[in-house]
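Q: okay, sequence plus prediction incoming.
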Amino acid sequence: MLKIHHLNDSRSQRILWLLEELEMPYEIIHYERHPETRLGQEDLHAVHPLGKSPILEDGDLKLHESGAIVDYLIRSYGKGRLQPKEGTEEFARYTEWMHYAEGSAMLPLLLNLYTTRMGATSDALQARIAGEMKNHFSFVDQQLAGQAFFVGGTLTGADIMMSFPLEAIVGNGLGDAFPNIKAFVAQIHKSPTYLAALEKGGAYVYGPKSA
Ligand SMILES: N[C@@H](CCC(=O)N[C@@H](CS)C(=O)NCC(=O)O)C(=O)O
């Protein structure tokens, strides 16, 4: 059976959502963040040298990195669902969003999180971070105008990958500045598979209550 090493309040939640969508049986191994540092603890480092979640185990294969995990699960078990047909322009757009989620959208969010903890010493960086937040999330908001999903009018891995940065935007109180992002997050928070994953995953700060 597939195993997912799942840290509470984390990106890993979207892998559980994908597994629910795929109707795959899976085992969740739960990890808790350190109560003060909010980092992963020794038990997570024991699973993989990076000490990050998610980690997927499928037989002898152990995979880290959410995008790679989503891609692997959809190609292996999707039976053609949750991704556009390979070789099409829509597939290229799908790949673009799959990479964009961790490769670009998360960077301003993480910089914002870390510099907020630094207080006044980060003042010199704040304008640049605010500029990049606006740059990226205005773009995403515009791309979602008039459409419920990122690509092809139906749920794909791209929506699942993008759900985490967009939940973080809404959870950080920025939803009103980006109404299409807010609507996207509200919509996924009603999905039965999303809600089933939430129930299994445990504590998740960006779930429906904070939206
Ligand atoms: N780009 C990686 C990021 C993995 C990552 O940083 N995961 C966070 C959870 S949101 C984590 O494990 N943090 C614990 C730590 O850094 O100690 C992915 O998408 O898998």
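A: It's in.
Q: so which residues on this protein come close to the ligand?
A: Contact residues, the chain versus the ligand (Cβ under 6 Å from any ligand atom): 7, 10-11, 39-40, 51-54, 65-66, 102. Heads up, the C-betas are built off the backbone N, CA and C, glycines and all.
Q: filter these to the buried ones?
A: With burial judged by 16 or more other Cβ atoms under 10 Å, the buried subset of the residues of the chain next to the ligand is 7, 10-11, 40, 51-54, 66, 102.
Q: those residues in helices, which ones?
A: Mapping these onto helices (DSSP state H) picks out S66.
Q: contacting residues around I28?
A: Neighbouring residues of I28 by Cβ atoms under 8 Å, 6 or more residues apart in numbering: 3-4, 6, 16, 200-201.
Q: where are the low-confidence patches of the protein?
A: By pLDDT under 70, the weakly predicted segments of the chain are 210-211.
Q: mind jotting down where the helices sit in it?
A: Going by DSSP H, the chain shows helices at 13-22, 42-47, 66-77, 89-100, 106-118, 123-143, 157-171, 179-188, 192-201.
Q: which helices and strands sit right next to the third one?
A: For helix 66-77, the helices and strands in contact under the criterion 3 or more Cβ pairs under 8 Å, 6 or more residues apart in numbering; DSSP states H and E are helix 13-22, strand 55-58, helix 89-100, helix 157-171.
Q: that helix to helix 157-171, inter-axis angle?
A: Relative orientation of helix 66-77 versus helix 157-171 (axes from the mean of the first three to the mean of the last three Cα atoms, to 10 degrees): 140 degrees.
Q: sorry, back to before: so which of the buried ones among the residues of the chain next to the ligand belong to strands?
A: Secondary structure from DSSP state E places L7 of those in strands.
Q: can you lay out the buried ones among the residues of the chain next to the ligand as TSV showing distance to L73?
A: Output for these, formatted as TSV (distance: Cβ to Cβ, whole Å):
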residue	distance to L73
L7	18
S10	17
R11	14
G40	22
G51	22
K52	18
S53	15
P54	11
S66	11
E102	16
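Q: which ones are touching the most centrally placed residue in the chain?
A: Taking Cα atoms, centre = their mean, the centroid of the chain lies closest to F164, which sits 3.0 Å from it. By Cβ under 8 Å, 6+ apart, F164 lies in contact with 11, 13-14, 66, 101, 106, 206.
Q: and these as CSV, adding distance to A168?
A: Output for these, formatted as CSV (distance: Cβ to Cβ, whole Å):
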residue, distance to A168
R11, 9
Q13, 11
R14, 12
S66, 14
A101, 11
M106, 8
Y206, 6
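Q: just the buried ones from those?
A: 11, 13-14, 66, 101, 106, 206.
Q: how is this structure divided into domains?
A: Using automatic domain parsing, the domain ranges for the chain come out as 2-81+202-210, 89-193.
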